[in-house]
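*Asks:* After the sequence you'll find the predicted model.
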Amino acid sequence: MNNIKSTFSIKDLENLSGIKAHTIRIWEKRYDLLGPMRTDTNIRLYDIKNLQKLLNVVLLTNFGYKISKISKLDQEEIEKFVLKIQTDKTVNNHVLSQFKMAMLNFDQSLFVKTYNELLSKKDFSTVFFETFIPLLEEIGILWTTNTITPAHEHFISHLIKQKILIEIEKYQILQKDISDKTYILYLPFNEIHDLGLLFLHHEIITKGHHSVYLGRSLPIENLIELNFHFNKITYITYLTVEPGEDEIENYINEFKNTILKDNNNELLIFGRKAQTINNEKLPNRIKSIENIKDFLDIL
């Protein structure tokens, strides 16, 4: 296995564990908790085993275990204590750590093993909300701080996407529409972040509604044809990067004049940029949705 990143700075450990570098240094000096390597210029570098140990130690300290006691345990004993604490919070924290380790090692087997264990206890929607969303949010922070590379992000995002597609296929085979409304899901031109949109597609299908997924980077004019095929359309889009902040208003007006003209269709806008849109200033039949769960509860 060829790792892109197999050693980590103390700042990387801080970003991955949530523990300040100053505290890590104290634990290391006072309790000999970690065993870093040193560069020629005496800079600390930590391997994967050090990171794994730190993540487990942090989990134990969050549940009241004293660092002075933990430091006397070997790695196997630490892992036994971690397994012993089987609360929902502990399990999810441990799972997040396992997924991060899978990402850092490009270890597909670990990802699949961790995911299957999780899915044996919870349904897919719960896994997505409770685990994948926090994981993706954390990965976004790790990427912006250069703790991980784009390759890490692509690797884990692709594996999550695979799981969503598998769940979608299960329901598409058995799908029986319960309403005459059609949901059409797409991403604007140059927008490629499709995990959130795919999950919405999954949720709409599982609730028995007709959903058409068009995917990434679709110009508005390409949607015109859909108006001739379906009635009562709810278009759904997900804005993460595109359009730019100064282009959103023009995009919405173009959509209104091109797609919502002379019909009763509507547009719902999800995603990070939806949170910056004031619904009171939007045209009729266009709405931004900040809380996915609220939308799904009334779907």
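*Replies:* That came through fine.

*Asks:* shaky segments in the stretch 1-150 of the chain?
*Replies:* Along the stretch 1-150 of the chain, segments meeting pLDDT under 70 span 1-5, 86-91, 144.

*Asks:* Strands of the stretch 1-150 of the chain, residue ranges please.
*Replies:* 7-8, 37-38, 44-47 (DSSP state E, counting those that start in this stretch).

*Asks:* Packing partners of the last one?
*Replies:* It stands for strand 44-47. strand 7-8, helix 10-17, strand 37-38 (3 or more Cβ pairs under 8 Å, 6 or more residues apart in numbering; DSSP states H and E). To be clear about C-beta, it is placed using only N, CA and C from the backbone, and glycine gets the same treatment.

*Asks:* circling back to that earlier point, adding distance to Y238 and mean neighbour count, write the strands of the stretch 1-150 of the chain out as JSON lines.
*Replies:* JSON lines is the format used below for the strands of the stretch 1-150 of the chain (distance: least, Cβ to Cβ, whole Å; neighbours: other Cβ atoms under 10 Å):
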{"stretch": "strand 7-8", "distance to Y238": "32", "mean neighbour count": "20"}
{"stretch": "strand 37-38", "distance to Y238": "43", "mean neighbour count": "10"}
{"stretch": "strand 44-47", "distance to Y238": "37", "mean neighbour count": "18"}
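
*Asks:* got the contact list for the helix or strand containing S217?
*Replies:* For S217, the host element (DSSP states H and E) is strand 210-218. For strand 210-218, the surrounding residues in contact (Cβ atoms under 8 Å, 6 or more residues apart in numbering) are 177, 179, 181-192, 194, 197-198, 201, 204-205, 223, 226, 230.

*Asks:* Which members of those residues occur in strands, if any?
*Replies:* 182-188 (DSSP state E).

*Asks:* Let me know the closest of these to L119.
*Replies:* Checking those against L119 by Cβ to Cβ gives L185 as the nearest, at 23.8 Å.

*Asks:* so how far is N15 from the closest one?
*Replies:* According to Cβ to Cβ, to the nearest Å, L185 and N15 sit 33 Å apart.

*Asks:* between those two, who's got more neighbours?
*Replies:* L185 (23 against 20; other Cβ atoms under 10 Å).

*Asks:* So what's the residue count around I233?
*Replies:* 23.

*Asks:* Leaving out sequence neighbours, find the closest residue to it.
*Replies:* For I233, ignoring the flanking residues on the chain, the nearest one in space by Cβ to Cβ, 6 or more residues apart in numbering is N265 at 4.2 Å.

*Asks:* how near is the one you found to I204?
*Replies:* To I204, N265 is 16 Å away according to Cβ to Cβ.

*Asks:* quick one, which of the two is more surrounded?
*Replies:* Higher neighbour count among N265 and I204: I204, with 25 against 21, using other Cβ under 10 Å.

*Asks:* ok, for that one, nearest residue in space, not its chain neighbours?
*Replies:* The shortest distance from I204 to any non-neighbouring residue, by Cβ to Cβ, 6+ apart, is to S211 (4.2 Å).

*Asks:* G196 now?
*Replies:* Using Cβ to Cβ, 6+ apart, the closest residue to G196 is Y238 (4.9 Å).

*Asks:* what do you get for I205?
*Replies:* Nearest residue to I205, sequence neighbours excluded (Cβ to Cβ, 6+ apart): Y171, at 4.7 Å.

*Asks:* In TSV: the ones in strands among the contacts of strand 210-218, plus pLDDT and distance to M103.
*Replies:* Below are the ones in strands among the contacts of strand 210-218 laid out as TSV (pLDDT from 0 to 100; distance: Cβ to Cβ, whole Å):
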residue	pLDDT	distance to M103
T182	91	36
Y183	94	32
I184	95	33
L185	96	27
Y186	95	28
L187	94	24
P188	92	28
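
*Asks:* can you pull out the helices in the protein?
*Replies:* Counting by DSSP state H, the chain has helices at residues 10-17, 21-31, 48-62, 67-70, 75-84, 88-105, 108-119, 124-127, 133-144, 150-174, 195-206, 248-259, 292-297.
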